[in-house]
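Peer 1: Test case, fold it:
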Amino acid sequence: MSMLADIVQNTPDPIVVPAGQSYNLQVTKAVFQATKGGTREDGTEKPIRPMITLYLKIVDEPQAQMVTESLWFPVDTDKEEVVYSQNLKIKGALQALGIDPASDGDIDPTSFAPEMDPIPIPGWAGKMGVAVLGVRTYQDNTSNEVKSWIKPKGL
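Peer 2: As a prediction, this is how the structure comes out:
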C-alpha cells in the first residue's frame with residue numbers, strides 16, 4: 001500500500017464535539033470580508049455586509065473539526081434589536097479572545113466593498129478564549145458552532 005493510500009485509509013475523519021459544553025478555542029486565522037447576500041427562502045433579500053470570519057481550533061480535541069464563527073456587522077436597514085444582538089456577539093468574541101482592536105488590528109467596516117477579497121487580520125491568530133459550543137446541521141453537513149463566548153473574569 002502506498003503512503004497516500006495508507007493515510008486515506010487510516011486517518012479518522014474529524015469529529016463534532018458534544019454540544020452544551022465549554023471548550024478552549026484558538027484563532028488559527030481571522031479575515032475581514034463580505035457576506036454572500038442573496039435571496040432567503042421567503043423571497044426577501046439578504047444584504048451584503050462586512051464581516052469578520054474566525055477560524056477556530058478546539059484546543060483539547062485534536063480530531064475535532066475547525067469551528068467557523070461569522071461576526072457580521074449590522075447595516076442601516078437592520079432593526080435596533082438586530083444591531084444590539086450583533087454588537088453583543090462581536091463584543092463577546094473580542095472580550096473572550098482577549099482581542100484589543102487598538103493593539104491587535106482594528107477593522108473599519110466603512111472600508112468594506114461588496115466585491116473585496118478576504119483581508120487577513122494578522123494580530124488575531126493565536127488568540128485563545130473559551131466558548132460554549134453547539135451542533136448545527138446545514139445541507140447535510142454537521143458541525144460545531146459557537147453558542148456563547150465566556151468572558152474572562154475581571155472584564
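Peer 1: okay, CA-based contacts and neighbour counts for the rest of this
Peer 2: Noted.
Peer 1: Which elements pack onto the lowest-mean-pLDDT helix or strand in the chain?
Peer 2: For the chain, using mean pLDDT, DSSP states H and E, the weakest element among its helices and strands is strand 38-39, scoring a mean of 76. Contacts of strand 38-39 with other secondary structure elements, assessed using 3 or more CA pairs under 8 Å, 6 or more residues apart in numbering; DSSP states H and E, are made with strand 45-46.
Peer 1: Outside of the least confident helix or strand of the chain itself, list whatever touches it.
Peer 2: Outside of strand 38-39, the residues within contact range by CA atoms under 8 Å, 6 or more residues apart in numbering are Glu45, Lys46, Pro47, Ile48.
Peer 1: Ignoring the adjacent residues along the chain, who's closest to the second one?
Peer 2: I take that to be Lys46. On the basis of CA to CA, 6 or more residues apart in numbering, the spatially nearest residue to Lys46 that is not a chain neighbour turns out to be Gly37, at 4.7 Å.
Peer 1: next one: Met66
Peer 2: Lys57 (5.2 Å).
Peer 1: what pLDDT, on average, does the helix or strand harbouring that neighbour get?
Peer 2: Secondary-structure element containing Lys57, defined by DSSP states H and E: strand 50-58. Averaging the model's pLDDT scores along strand 50-58 yields 96.
Peer 1: now swap in stretch 12-29 and tell me
Peer 2: The model assigns stretch 12-29 a mean pLDDT of 95.
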